[in-house]
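Chemist: predicted model and sequence below, questions to follow.
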Amino acid sequence: MAPVLSRSLATASLAAIPSSTPFSLENPKKLFNLRSAFLPLNGPRKGFSCSGLRWKLEKRNDRIVVRCEAAVADKEAEETSGEKFEYQAEVSRLLDLIVHSLYSHKEVFLRELVSNASDALDKLRFLSVTEPALLGDAGELEIRIKPDPDNGTITITDTGIGMTKEELIDCLGTIAQSGTSKFLKALKENKDLGADNGLIGQFGVGFYSAFLVAEKVVVSTKSPRSDKQYVWEAVADSSSYVIREETDQENLLRRGTQITLYLKEDDKYEFSEPTRIQNLVKNYSQFVSFPIYTWQEKSRTVEVEEEESPKEGEEEKPEGEKKKKKTSKTEKYWDWELANETKPIWMRNPKDVQKDEYHEFYKKTFNEFLDPLAYSHFTTEGEVEFRSVIYIPGMGPLNNEEVMNPKTKNIRLYVKRVFISDDFDGELFPRYLSFVKGVVDSDDLPLNVSREILQESRIVRIMRKRLVRKTFDMIQDLAESENKEDYKKFWENFGRFLKLGCIEDTGNHKRITPLLRFYTSKSEEELTSLDEYVENMGENQKAIYYLATDSLKSAKTAPFLEKLIQKDIEVLYLIEPIDEVAIQNLQTYKEKKFVDISKEDLELGDEDEVKERETKQEYNLLCDWIKQQLGDKVAKVQISKRLSSSPCVLVSGKFGWSANMERLMKAQALGDTSSLEFMRGRRILEINPDHPIVKDLNAACKNAPDSTDAKRAVDLLYDTALISSGFTPDSPAELGNKIYEMMAMALGGRWGRADGDEVETSEDNAAQTDPSSAAETEVIEPSEVRAENDPWQE
């Protein structure tokens, strides 16, 4: 009952009425006024309801008491009291949804039916422990599959527990009721756990997948607990089925179930082929714990005796005198063949498995011919329990598409040794570890009803995290092994995958970074780890220096290195396109920042500030003069701290692309040209004050600032710095002309060229404008131009 609300109505204001005092009327005549103010006009008898409240009038000792009760409880009681109905279902429509909407591929029908047969065998094996009579003399526990291409049928026979008539109606006649689930429930109620590990079924709809390919299904079953054998028969797109007793002696079974599928016209050719059936068994049910035999065509060589045919010119001998000779012939025959030879190696204790067994399992499962570089066999327990064997292949992918595509077929997911899927989009492994191959088997994965799709859940995330951690442990063990060639081979094949992980997986930077390898200025032949780099750093070195170029040769000769090599500072060479982006995502390693030596404000330490200030004052005028000549080509010109032998170098600003990155972005097939100008870093020309060219230009800017030759030298100096620093000139042809002009100035008359062979530029221009002089012009072939002291003269 809802709580009773008693309120006194002694005053006109309802809000001012105390809630604890009941309202009473000393003079009953005043009841009319109350009725007109608060009660209906027809007056209350026993009470009335208004606005969800029930008002009651009570007479106590010549007083009238008004009580207000919440009518919620009565209202709820009225609403809940009603007629109960059961949900109705259109069986044919429901079956149509199960058959045509749950499964993505028709071929899974065989997986479901073999799984049902395996469950039937598992139940019999468990029950026979307490009831040995159930086994009888009906033969071994096995599954046999016999396709018949001539009649378009498939027959699947198991020697399992079978079904009685009541169980046929209960299991096959009731949609979405799993006999396996009921069996497991009974085990749990009896507290008899531990024997249900091999049971597969859980949804109760797998049997109906037979109608994916069959127009008619006939189930003949014999339970050891029944003397009779029953036949269940149904056709596709029907809402009814037939059960009858088997009377034909030829079709009687000793124990178990036989399912015969009469294939549809469209599926007869594909699924009645013995080879196709064997491949499906090996793909989906390779590791079922019971032997699966398929009916296969085989060939054998036999020796037969044949009569020798008479030679030419010889008379044919009588029958008794003819000689016979033995010949070999190949004949074909049909026989049962074991389809699931390979055993689930992950179910065994790792201590009991030899290295050769792991390699053999890898080659058979993934059709590989090379041994894996490494493997890891482990079992995880806790929130998620699963077993797994993972491998690092002996060879990397042959094309880049496999690197960028996270949908690989490298991880095979099993649930209770039954194959579920190998089509994942990063659920179990991130893209950068997609090269890892292996199997994962769990008993309690969150699957959808079709058992084809792994649902996103917390369990999946936990599995992914543990698989990734185990993979890194395996790679780390490979890196620390005594055989350095194994990790060198791994890095050649899969190093770019780990660099991709630096970009995509910030959470695992601590695991990825120690595995990286690079060439350096002190190790140009052998790869060096970052741990070795940090260990070899000097006391005053505060950062990890790197240089990104397009090749190892260009990195060795880059002008940025000059001062660092002079100071014995090691520099990482980033020569692959992904290297620079990967390092930028790492930012630091062991509290050491990564510094690009091709960018401005490079601090190497041990600088003489007094000398720097004097040099800057001396060449300040030259820097301004060069900046004036180059204009917007450079942001500024300054004295360099990184050069020792080169006259100048072009460095990038702090926050823009480096020369290497700019080159890569220009090479993108679908690159945005509008972003190039926006992201391109500002260019800063750094000059070497100790170089003779710079000293000559310093004198020129002071003594002849308007000299044409000096200005041309500045332009050429910038263009050469552009190329040597890794940038691409805007006009290579224009740069070539400048070089030719400087060569002409430098080589003019050096080897004693004859004066008559010189042709002035002004005369050439006059000859081009005057048509009469064109006839007088003599054309001299280059091969005819020879000086008296020509060193190449014959």
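Modeler: Right, received. Where do you want to start?

Chemist: can you map out the strands along the stretch 401-550 of the chain?
Modeler: For the stretch 401-550 of the chain, strands defined by DSSP state E, counting those that start in this stretch occupy the ranges 411-415, 418-421, 437-442, 517-520, 523-529, 543-548.

Chemist: can you tell me which of the ones you listed has the worst average pLDDT?
Modeler: Of all the strands of the stretch 401-550 of the chain, the segment with the smallest mean pLDDT is strand 418-421, scoring a mean of 80.

Chemist: which helices and strands does that one pack with?
Modeler: Here strand 418-421 touches helix 108-130, helix 274-284, strand 411-415, going by 3 or more C-beta pairs under 8 Å, 6 or more residues apart in numbering; DSSP states H and E. All C-beta atoms are positioned from the backbone trio N, CA, C, and that covers glycine.

Chemist: okay if I get those as a markdown table plus distance to Asn367?
Modeler: Output for those, formatted as a markdown table (distance: least, C-beta to C-beta, whole Å):
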| stretch | distance to Asn367 |
| --- | --- |
| helix 108-130 | 20 |
| helix 274-284 | 11 |
| strand 411-415 | 12 |
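
Chemist: do you know which of the ones you listed lies nearest Asp596?
Modeler: strand 411-415 (37.4 Å; C-beta to C-beta).

Chemist: my read: Leu433 touches Thr471, true?
Modeler: Yes. Using C-beta atoms under 8 Å, Leu433 makes contact with Thr471 at a distance of 5.7 Å.

Chemist: neighbour-wise, which of the two wins?
Modeler: Legend: neighbour count by other C-beta atoms under 10 Å for Leu433 and Thr471, higher for Leu433 (25 against 21).

Chemist: how close does the more buried one get to Asn508?
Modeler: Leu433 sits 10 Å away from Asn508, going by C-beta to C-beta, to the nearest Å.

Chemist: name the residues contacting each of those two.
Modeler: 468, 501 (C-beta atoms under 8 Å, 6 or more residues apart in numbering).

Chemist: quick one on the thing from earlier: just send the helices and strands packed on strand 418-421 back as a markdown table, with mean neighbour count too.
Modeler: Output for the helices and strands packed on strand 418-421, formatted as a markdown table (neighbours: other C-beta atoms under 10 Å):
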| stretch | mean neighbour count |
| --- | --- |
| helix 108-130 | 22 |
| helix 274-284 | 18 |
| strand 411-415 | 22 |
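
Chemist: quick one: Cys502 and Glu580 touch, right?
Modeler: No. Between Cys502 and Glu580 there is no contact under C-beta under 8 Å: 10.9 Å.

Chemist: what are the ranges of the strands in the stretch 201-350 of the chain?
Modeler: Secondary structure of the stretch 201-350 of the chain (DSSP E, counting those that start in this stretch): strands located at 214-222, 229-235, 242-245, 256-263, 292-307, 324-338.

Chemist: mind putting these into a markdown table with mean pLDDT and distance to Gly394?
Modeler: Listed next are the strands of the stretch 201-350 of the chain as a markdown table, based on pLDDT from 0 to 100; distance: least, C-beta to C-beta, whole Å:
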| stretch | mean pLDDT | distance to Gly394 |
| --- | --- | --- |
| strand 214-222 | 93 | 43 |
| strand 229-235 | 92 | 51 |
| strand 242-245 | 91 | 56 |
| strand 256-263 | 94 | 42 |
| strand 292-307 | 84 | 31 |
| strand 324-338 | 83 | 29 |
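
Chemist: what is the neighbour count of Lys465?
Modeler: Neighbours around Lys465, by other C-beta under 10 Å: 13.

Chemist: what separates it from Asn508, distance-wise?
Modeler: Noted for Lys465: a distance of 10 Å to Asn508, by C-beta to C-beta.

Chemist: circling back to that earlier point, between the strands of the stretch 201-350 of the chain, which one is nearest to Ala659?
Modeler: strand 292-307 (62.5 Å).

Chemist: the closest one packs against which elements?
Modeler: Using 3+ C-beta pairs under 8 Å, 6+ apart: strand 292-307 touches strand 143-148, helix 274-284, strand 324-338.

Chemist: what residues does the first one touch?
Modeler: Okay, so that is strand 143-148. Contacts with strand 143-148, where a contact means C-beta under 8 Å, 6+ apart, come from 110, 114, 117-118, 121, 153-158, 271-274, 276-277, 281, 288, 290-295, 336, 339.

Chemist: what's the spacing between stretch 634-642 and its chain's center?
Modeler: 46 Å (C-alpha atoms, centre = their mean, to the nearest Å).

Chemist: end to end on that stretch, go ahead and measure it.
Modeler: 18 Å (C-alpha to C-alpha, to the nearest Å).

Chemist: would you mind measuring from Leu97 to Phe211?
Modeler: To Phe211, Leu97 is 12 Å away according to C-beta to C-beta.

Chemist: and the two? which has more neighbours close in?
Modeler: Neighbour tally, Leu97 and Phe211, criterion other C-beta under 10 Å: the higher count belongs to Phe211, 23 against 12.

Chemist: ok, that one touching Ser238?
Modeler: No. Contact criterion C-beta under 8 Å: Phe211 and Ser238 do not qualify, at 9.6 Å.

Chemist: and Ala339, its phi and psi?
Modeler: For Ala339, the backbone dihedrals (degrees, to the nearest 10) come out as phi -100, psi -20.

Chemist: mind listing what it touches?
Modeler: 145, 278, 281-282, 285-286, 292-294.

Chemist: which one of these sits closest to Phe361?
Modeler: Distances from Phe361 to the contacts of Ala339, taken as C-beta to C-beta, are shortest for Gln286 (10.8 Å).

Chemist: how about stretch 384-396: buried residues?
Modeler: For stretch 384-396, the neighbour count (16 or more other C-beta atoms under 10 Å) marks 384, 386-394, 396 as buried.

Chemist: taking these one by one, which sit in helices?
Modeler: Judged by DSSP state H, helices contain none of the buried residues of stretch 384-396.

Chemist: now do the strands in the stretch 51-200 of the chain.
Modeler: Counting by DSSP E, counting those that start in this stretch, the strands of the stretch 51-200 of the chain are 53-60, 63-70, 143-148, 153-158.

Chemist: who are the packing partners of the last one?
Modeler: Translated: strand 153-158. helix 108-130, strand 143-148, strand 256-263.

Chemist: still on that earlier bit, nearest to Lys641, of the contacts of Ala339?
Modeler: Nearest to Lys641, judged by C-beta to C-beta, of those is Gln286 at 65.5 Å.

Chemist: what about that closest one, distance to Tyr414?
Modeler: 9 Å.
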